[in-house]
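Sharing a model that was predicted from the sequence below.
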Amino acid sequence: MYYNAALVLEGGAMRGLYTSGILDVLLKKDIQFKTVIGVSAGSLSGANYVSKQYKRTYNINTKYRDDKEYISMANVLKKESIINLDFLFADHGPTWHNFDAKAYERSETNFVVVATELTSGKAVTFNKPKPGKPFINALEASSSMPFISKPVQTAKGLCLDGGIADSIPYDLAQQAGFDKIVVVRTRMRDYRKKPTSFALQKIYHRHFKTYPNFVKAAIARPENYNKSVETLNQLEKDNKIFVLAPETPVKVSRLEHNVKKLDELYQVGTADMENNFDKMIAYLES
């Protein structure tokens with residue numbers, strides 16, 4: 001079933017295994033959205049959802065989490081990003097989980113990737129980037145975390161983590177005119193970020209001294225995130241947005257090594273989607 005609605009996917013690095021569980025249930029039930037908006041890890045899971053590749057996110061992150069070609073602290077010494085996102089989209093041979101670029105192109109879904117542009121400190125979007133360099137650049141820009149990843153040069157400037165400027169971009173779905181919006185969180189509804197510490201503020205100022213607007217956005221992220229969550233929770237109560245979120249604290253770190261914990265989080269996502277599926281469909285069709 002194809003819905004004239006938007007699906008919005010929050011980031012969270014390895015917490016994205018929750019999102020992938022939800023998306024795989026949607027794929028099994030053949031539920032598609034007119035637009036998918038992803039930020040950071042949400043964009044990576046979203047890409048596999050748009051290309052209809054069941055369990056691709058899960059398989060890569062559980063089978064190759066310790067592959068040093070994918071994630072390695074040694075990359076920092078080489079002044080490279082800890083997470084090598086090129087690994088996800090390179091051709092590793094016929095037995096690997098290669099990205100299906102043709103299926104992605106055939107999809108009728110508009111895929112929107114959100115990143116943060118360093119000069120302005122504001123969110124920029126990439127609408128259905130074409131497979132190849134534009135596609136990989138957009139996903140790398142959205143998913144590259146400050147301090148552990150290099151900024152990515154894109155058609156819209158030098159970019160980093162989309163979550164800095166817009167952690168849960170349901171506002172972009174509203175601006176696009178959608179009456180029906182489904183949001184997938186990777187934190188509990190009552191989770192709130194603590195203010196940016198003075199020590200971290202100093203690190204931001206020192207590390208990104210040539211990008212004062214980005215520094216301002218990064219330091220203000222907790223405050224803006226918390227305001228965004230308050231608004232989102234109210235919209236959910238008013239039945240204007242449908243939200244899927246973990247019911248218990250997610251004990252998976254951003255660069256989680258424990259594959260068992262990743263699998264458990266994936267199973268939580270699949271169970272939550274199965275349990276809330278009828279409610280979501282009722283919301284979409286009301």
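That came through fine.

only C-alpha atoms for contact and neighbour calcs from this point on.
Noted.

for the chain, what spans make up the helices?
All helices of the chain, identified by DSSP state H, fall at 16-28, 41-50, 56-63, 74-77, 86-89, 101-106, 133-143, 170-175, 198-207, 212-237, 259-285.

closest to residue 158 out of those?
Closest approach to residue 158 among these is made by helix 133-143 (8.1 Å; C-alpha to C-alpha).

Leaving out the residues flanking it, which one is nearest to residue 97?
Closest residue to residue 97 apart from its sequence neighbours, by C-alpha to C-alpha, 6 or more residues apart in numbering: residue 56 at 6.4 Å.

Please disregard the earlier target; I meant residue 17.
residue 266 (4.9 Å).

would you list the helices of the chain in a markdown table and tack on distance to residue 149?
As requested, the helices of the chain are exported to a markdown table (distance: least, C-alpha to C-alpha, whole Å):
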| stretch | distance to residue 149 |
| --- | --- |
| helix 16-28 | 18 |
| helix 41-50 | 14 |
| helix 56-63 | 18 |
| helix 74-77 | 8 |
| helix 86-89 | 13 |
| helix 101-106 | 25 |
| helix 133-143 | 9 |
| helix 170-175 | 25 |
| helix 198-207 | 12 |
| helix 212-237 | 15 |
| helix 259-285 | 22 |
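
Between these, which has the poorest mean confidence score?
Mean pLDDT across the helices of the chain is lowest at helix 74-77; the value there is a mean of 63.

before we move on, back to that, please identify which of the helices of the chain is closest to residue 250.
Nearest to residue 250, of the helices of the chain and by C-alpha to C-alpha, is helix 259-285 at 7.7 Å.

just how off-centre is the closest one within its chain?
16 Å (C-alpha atoms, centre = their mean, to the nearest Å).

If you count contacts, what does it end up packed against?
helix 16-28, helix 56-63, strand 242-244 (3 or more C-alpha pairs under 8 Å, 6 or more residues apart in numbering; DSSP states H and E).

Centre of the chain to the last one, how far?
If I follow you right, that is strand 242-244. 15 Å.

Give the pairing partners of that strand; include direction for each.
The strands beside strand 242-244 in its sheet (DSSP bridges) come out as strand 181-184 (parallel).

Pull up the gap between the closest residue to residue 265 other than its chain neighbours and residue 11, please.
Spatial nearest neighbour of residue 265, chain neighbours left out: residue 18 (5.3 Å); criterion: C-alpha to C-alpha, 6+ apart. To residue 11, residue 18 is 10 Å away according to C-alpha to C-alpha, to the nearest Å.
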